[in-house]
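**Student:** any chance you can model this:
(one chain, ligands or ions: 2)
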Amino acid sequence: MSSPTRREVLAVLSTASFAALLGGSFVAHADSTGRPDYFSKTLDIEHLWRLQRDMGRVLSSGLVTEHPTIRKYFAGFEYSPPEDFPDARSLLVIAARDPIVELDVHHGGVHHRLVAAPGYTRADRKPGALLERVLADAFGEREVRKERARLPVKLLAARAGLAEYGRNNIAYVDGLGSYLALIAFYTDQPATGRWHPVRRLRQCRSCRLCVEECPTKAIHRERPVIDAGRCVSLYNELAEPMPEWIPAEAHNTLVGCMRCQLDCPANRELIDEREWLAALDERETAVVLAGGGDAAVEESIRSKLARFTLAADLAHFGQNLRLLLEGGNPVPGRTRS
Ligand code: SF4
Ligand code: SF4
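**Tutor:** Ligands and ions are numbered 1, 2, ... in the order given. Prediction:
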């Protein structure tokens, strides 16, 4: 296959548009603040080959990092439904609300309120109750077979007309900003959505804030694809020693990185969208920093933080917490005590 032109890559990743984004979405179960829990779209399964073609173009563009973790992630996609699901007819993609979470940590007589980026609680890993609501809203009383799809969900959401890309390559959905988790399923129901051009946020036209804010210069002013091999999130998601080239002050959350999202104009309405998780006392914080060592305290930490995926691995949690407390530049907490 010949290499795609820059124009073709841009067509996949960064076509700007003022067109309305969310016509035809299902919206349900707004909370007490009136914010939606999720948006969803369906696409006919016939579009799978186009999704695979899009990803092929991006991967062969020379713009995507060769970092083995990222390449392994891309290699894990499967562009066909499970063999025992020959009746699959549609792709259902859900953008579920997933706010920044906050955790109180007491250490050395000081109280720290620290944050974790969206995407590290259970929303996308155990979507059970949410999924049942989405299916009921989308298909009513009908019995629906669904199977999790291992697909490039950001691209799928963009092609389904559900999400737009920011210059930071993060997916944004109107009403949820970038504080969301994307989840995809095959279903045996017919699709109602259509294939869309990939769009970039209209706010990006006159904005370069994320380029300035990124602590490792992973976002390029004009290049459509960020250098994911320089992204802080990639490294603090891995339970491996932190590379020395990342400056201490680049660390800003317990897991993930918020520098290119916090002040993004497309998140302006959501600045107070935070969810408080729990408080760790001095003893619990010491055990996290040590990566464990006291079974009873470890149990207490895991029970308090059952929804927080990082807490399942205290050594990894401890490394990230240490980086934040010793030289990091933490995003300040906002929720009330
Ligand atoms: S900070 Fe500005 S340039 Fe970056 S994604 Fe948001 S709107 Fe686009
Ligand atoms: S998540 Fe952080 S390191 Fe990655 S691109 Fe955004 S600001 Fe840069």
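**Student:** can you pull the contacts of the residue lying closest to Thr65 once chain neighbours are set aside?
**Tutor:** Distance criterion C-beta to C-beta, 6 or more residues apart in numbering; nearest residue to Thr65, sequence neighbours excluded, is Gly229 at 3.6 Å. Yep, even glycine has a C-beta here, placed from its N, CA and C like the rest. Contacts of Gly229 were listed using C-beta atoms under 8 Å, 6 or more residues apart in numbering, and they are 65-67, 70.
**Student:** now with 7 Å?
**Tutor:** 65, 67, 70 (C-beta atoms under 7 Å, 6 or more residues apart in numbering).
**Student:** among these, which lie within helices?
**Tutor:** Members of the contacts of Gly229 lying in helices (criterion: DSSP state H): Ile70.
**Student:** which among the contacts of Gly229 end up buried?
**Tutor:** 65, 67 (16 or more other C-beta atoms under 10 Å).
**Student:** okay, the contacts of Gly229 in a markdown table with distance to Leu280 and pLDDT next?
**Tutor:** Output for those, formatted as a markdown table (distance: C-beta to C-beta, whole Å; pLDDT from 0 to 100):
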| residue | distance to Leu280 | pLDDT |
| --- | --- | --- |
| Thr65 | 35 | 93 |
| His67 | 32 | 94 |
| Ile70 | 32 | 93 |
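**Student:** quick one: which of the contacts of Gly229 is nearest ligand 1?
**Tutor:** Ligand 1 has its nearest neighbour among the contacts of Gly229 in Thr65, at 19.0 Å by C-beta to the nearest ligand atom.
**Student:** can you report phi and psi for that closest one?
**Tutor:** Backbone torsions of Thr65, given as degrees, to the nearest 10, read phi -60, psi 150.
**Student:** gap between it and Ala286?
**Tutor:** Counting by C-beta to C-beta, to the nearest Å, the gap from Thr65 to Ala286 is 37 Å.
**Student:** likewise for Thr335?
**Tutor:** 24 Å.
**Student:** with Arg334 instead?
**Tutor:** Relative to Ala286, Arg334 is positioned 26 Å away (C-beta to C-beta).
**Student:** please say which of these two ends up with more neighbours.
**Tutor:** Ala286 (17 against 14; other C-beta atoms under 10 Å).
**Student:** what's near enough to touch the closest residue to that one other than its chain neighbours?
**Tutor:** Of all residues beyond its chain neighbours, the one nearest Ala286 is His107 (7.7 Å), with distances taken as C-beta to C-beta, 6+ apart. For His107, the contacting residues are 282, 285, 325, by C-beta under 7 Å, 6+ apart.
**Student:** filter those residues to the buried ones?
**Tutor:** The neighbour count (16+ other C-beta under 10 Å) marks 285, 325 as buried among those.
**Student:** need the contacts of His107 in CSV (columns: secondary structure and distance to Gly177).
**Tutor:** What follows is the contacts of His107, written out as CSV (DSSP: H, G, I helix; E, B strand; the rest coil; distance: C-beta to C-beta, whole Å):
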residue, secondary structure, distance to Gly177
Glu282, helix, 35
Thr285, helix, 31
Leu325, helix, 28
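**Student:** which one of the contacts of His107 sits closest to ligand 1?
**Tutor:** The closest of the contacts of His107, once distances to ligand 1 are taken by C-beta to the nearest ligand atom, is Leu325, at 27.6 Å.
**Student:** for that closest one, which non-adjacent residue is spatially closest?
**Tutor:** Counting by C-beta to C-beta, 6+ apart, Leu325 lies nearest to His107, which is 6.2 Å off, once chain neighbours are set aside.
**Student:** one more: His316?
**Tutor:** Ala239 (3.9 Å).
**Student:** hmm, Asp313 and that neighbour touching each other?
**Tutor:** Yes: the criterion here is C-beta atoms under 7 Å, and Ala239 meets it with Asp313 at 5.7 Å.
**Student:** okay, the residue nearest to Leu325: pLDDT?
**Tutor:** In this model, His107 is scored at 97, pLDDT.
**Student:** what does the stretch 151-300 of the chain have sitting close to ligand 2?
**Tutor:** 168, 213-216, 218-219, 226, 231-233, 257, 259-260 (C-beta under 6 Å from any ligand atom).
**Student:** next one: phi and psi at the residue in the chain sticking out farthest from the centre?
**Tutor:** Computed with C-alpha atoms, centre = their mean, the residue of the chain farthest from its C-alpha average is Gly109, at 33.7 Å. Gly109 adopts backbone torsions of phi 80, psi 10, taken as degrees, to the nearest 10.
**Student:** from Glu269, how far off is it?
**Tutor:** Between Gly109 and Glu269 the computed distance is 37 Å (C-beta to C-beta).
**Student:** now do Thr65
**Tutor:** Going from Thr65 to Glu269 by C-beta to C-beta gives 32 Å.
**Student:** same deal with Ala295?
**Tutor:** To Glu269, Ala295 is 44 Å away according to C-beta to C-beta.
**Student:** just want to know which of these two has more residues nearby.
**Tutor:** Applying other C-beta under 10 Å to Ala295 and Glu269 shows that Glu269 carries more neighbours, namely 12 against 9.
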